[in-house]
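> Okay, sequence plus prediction incoming.
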Amino acid sequence: MENKHNIEQHRPSHFEEDEIDLIALAKTLWNGRKSIIKTTIIFACIGLFMALSSPAQYTSSIVVKPILSESKSSLGGSLGGLAAMAGITLPGSTSSSELHPTLYPQIVESYGFQKALMQTPLNITGVDESMTYEDYFLNHREPSIIQTVKKYTLGLPSLLISSLKTKETHSSSLALGLTEMSEDDLTLRRQLTEQISIDINEKGGYVSLSATLPEAIASTQMVLQAQNLLQDAIIAHKAKKAKEDLIFIEERFTEKKAEFGKAQQKLALYRDANRNVNTAIALTEVQRLESEYQLAFSVYSELAKQVETQKIQVKEDTPVFAVLKEAVVPLEKSGASKSMTLIIWTFLGGIIGLTGVFVNIFMVDMKTKWNEK
């Protein structure tokens with residue numbers, strides 16, 4: 001009973017403390033209302049400026065599934081065994097020429113790929129004739145206010161450093177005969193890195209390509225060109241491997257054809273010279289020459305077949321890309337809407353204003369305690 005009585009005695013004091021804390025919190029917020037409102041208005045103005053000055057963006061995407069051929073030993077079988085006996089290692093019997101999809105982003109980020117992408121013809125609203133991506137962004141597209149401010153504030157150090165590096169390396173690169181990336185190429189490459197994205201879904205086995213540009217039609221043209229360039233790069237890689245294999249087999253075929261001719265000639269000459277000789281040594285030599293002849297003929301005939309097979313393979317060995325989701329001209333803008341941008345910045349201003357009030361009170365309290373001590 002005494003414990004219960006003690007609890008009942010202490011309960012009102014806790015309620016009073018909580019009530020005092022809430023009143024103190026409300027009073028603190030009320031006293032700092034001007035600072036909170038001022039900060040919120042400032043951030044709302046920033047959000048309004050960002051919403052009005054940010055250019056519209058449109059995103060077009062395409063999803064393809066690369067159909068990889070099964071790993072097979074097209075040069076194996078009897079030819080592989082005969083080639084091994086002759087001391088030849090055929091290239092197609094141990095490795096595959098497929099380029100794994102996880103390497104596709106490396107192609108998209110390469111300078112050659114992006115340089116080719118800069119030459120993509122685009123149809124721009126209000127312009128009769130098409131122009132390349134490079135021409136549009138360097139000579140016709142005016143940068144937004146945000147991009148200009150960002151370039152000459154946050155990007156000013158890198159801009160100065162890159163200009164100095166260009167002056168230092170220009171003469172040396174010309175002397176060595178190397179290809180030098182221009183400042184415009186560097187700017188457009190950075191822009192393309194943000195505008196062109198590739199996503200590899202290893203589990204699903206498909207590849208997603210997307211392009212984000214200020215023009216709806218241009219975004220679709222860019223993503224289609226990126227798909228074509230990627231497919232061409234993959235096909236070129238595989239065709240190069242197949243052509244190298246064909247050259248290798250043709251060289252071995254020429255060698256074995258000469259060896260077969262020599263073995264055939266040796267056997268014929270020995271038979272003519274020892275036509276009436278029936279000694280054991282002569283018969284043994286004939287068997288040895290016949291064995292060499294048969295081995296040379298087997299390798300030669302199999303390589304002849306393989307040369308024709310590989311010629312067909314060069315034409316047929318092309319990767320197939322099944323389009324799962326075709327690219328269409330987007331109707332809606334991508335990214336956050338202007339109203340959402342304004343709401344986010346206003347909310348952020350309110351949070352910062354509240355935080356500022358409590359930080360100010362904390363600092364005043366710390367200063368008072370410091371002075372007392």
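Received it, and whenever you're ready, just let me know what you need.
> In the helix or strand hosting residue 287, which residues are buried?
In the assignment (DSSP states H and E), residue 287 maps to helix 280-316. The neighbour-count check on helix 280-316 (16 or more other C-beta atoms under 10 Å) flags 282, 289, 292-293, 295-296, 298-300, 302-303, 306, 310, 313 as buried. Placement of C-beta: from N, CA and C, glycine included.
> now, which of those sits nearest residue 129?
residue 313 (43.4 Å; C-beta to C-beta).
> And for the closest residue to that closest one other than its chain neighbours, the neighbour number?
Excluding its sequence neighbours, the residue lying closest to residue 313 (C-beta to C-beta, 6 or more residues apart in numbering) is residue 242, at 5.9 Å. Neighbours of residue 242 under the rule other C-beta atoms under 10 Å: 21.
> Could you look up the SS state of residue 242?
helix (DSSP: H, G, I helix; E, B strand; the rest coil).
> ok, it to residue 236 distance?
Residue 242 sits 11 Å away from residue 236, going by C-beta to C-beta, to the nearest Å.
> give me every residue that touches residue 213.
57-58, 195, 219, 222 (C-beta atoms under 8 Å, 6 or more residues apart in numbering).
> any chance of the buried residues of helix 280-316 in JSON lines, plus pLDDT?
Shown next, in JSON lines, are the buried residues of helix 280-316 (pLDDT from 0 to 100):
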{"residue": "282", "pLDDT": "74"}
{"residue": "289", "pLDDT": "81"}
{"residue": "292", "pLDDT": "83"}
{"residue": "293", "pLDDT": "82"}
{"residue": "295", "pLDDT": "86"}
{"residue": "296", "pLDDT": "83"}
{"residue": "298", "pLDDT": "85"}
{"residue": "299", "pLDDT": "85"}
{"residue": "300", "pLDDT": "84"}
{"residue": "302", "pLDDT": "87"}
{"residue": "303", "pLDDT": "85"}
{"residue": "306", "pLDDT": "86"}
{"residue": "310", "pLDDT": "79"}
{"residue": "313", "pLDDT": "74"}
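> quick revisit: what distance do you get for the residue nearest to residue 313 to residue 260?
From residue 242 to residue 260 the distance is 26 Å (C-beta to C-beta).
> give me the low-pLDDT residue ranges for the stretch 51-200 of the chain?
51-54, 68-98, 142-179 (pLDDT under 70).
> Please, where are all the helices along it?
77-85, 104-108, 111-117, 133-135, 145-151, 156-176, 183-195 (DSSP state H, counting those that start in this stretch).
> Who are the packing partners of the third one?
By that I understand helix 111-117. Contacts defined by 3 or more C-beta pairs under 8 Å, 6 or more residues apart in numbering; DSSP states H and E place helix 111-117 against helix 183-195, helix 216-273.
> Identify each buried residue in that helix, please.
Here helix 111-117 shows 113-117 as buried, counting by 16+ other C-beta under 10 Å.
> hmm, back to that, tell me which of the buried residues of helix 280-316 is nearest to residue 31?
Checking those one by one against residue 31 (C-beta to C-beta), the nearest turns out to be residue 313, at 82.6 Å.
> could you dump the helices and strands packed on helix 111-117 to TSV with distance to residue 355?
Output for these, formatted as TSV (distance: least, C-beta to C-beta, whole Å):
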stretch	distance to residue 355
helix 183-195	31
helix 216-273	39
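> Deepest in the core, which of those is it.
A comparison of those by mean neighbour count, using mean count of other C-beta atoms under 10 Å, puts helix 216-273 on top with a mean of 17.
> got the angle between that one and helix 280-316?
170 degrees (axes from the mean of the first three to the mean of the last three C-alpha atoms, to 10 degrees).
> tilt between helix 216-273 and helix 183-195?
Using the same axes, to 10 degrees: helix 216-273 against helix 183-195 is 100 degrees.
> For helix 216-273, name the packing helices and strands.
Checked by 3+ C-beta pairs under 8 Å, 6+ apart, helix 216-273 has strand 58-67, helix 104-108, helix 111-117, strand 121-122, strand 196-201, strand 206-213, helix 280-316 packed alongside it.
> ok so, going back, going by distance to residue 346, which of the contacts of residue 213 wins?
The closest of the contacts of residue 213, once distances to residue 346 are taken by C-beta to C-beta, is residue 57, at 22.0 Å.
> can you count the residues close to that closest one?
16.
> can you pull the contacts of it?
If you count contacts by C-beta under 8 Å, 6+ apart, then residue 57 has 212-214, 333-335 around it.
> Tell me the most packed of these, by neighbour count.
In those, the most neighbours by other C-beta under 10 Å go to residue 213, 29 neighbours.
> what bridges to it?
Counting by DSSP bridges, residue 213 forms beta bridges with residue 58.
> SS state for residue 330?
Per three-state DSSP, residue 330 ends up coil.
> Excluding chain neighbours, what is closest to residue 361?
Residue 361 sits nearest to residue 28 (C-beta to C-beta, 6+ apart), 6.2 Å away.
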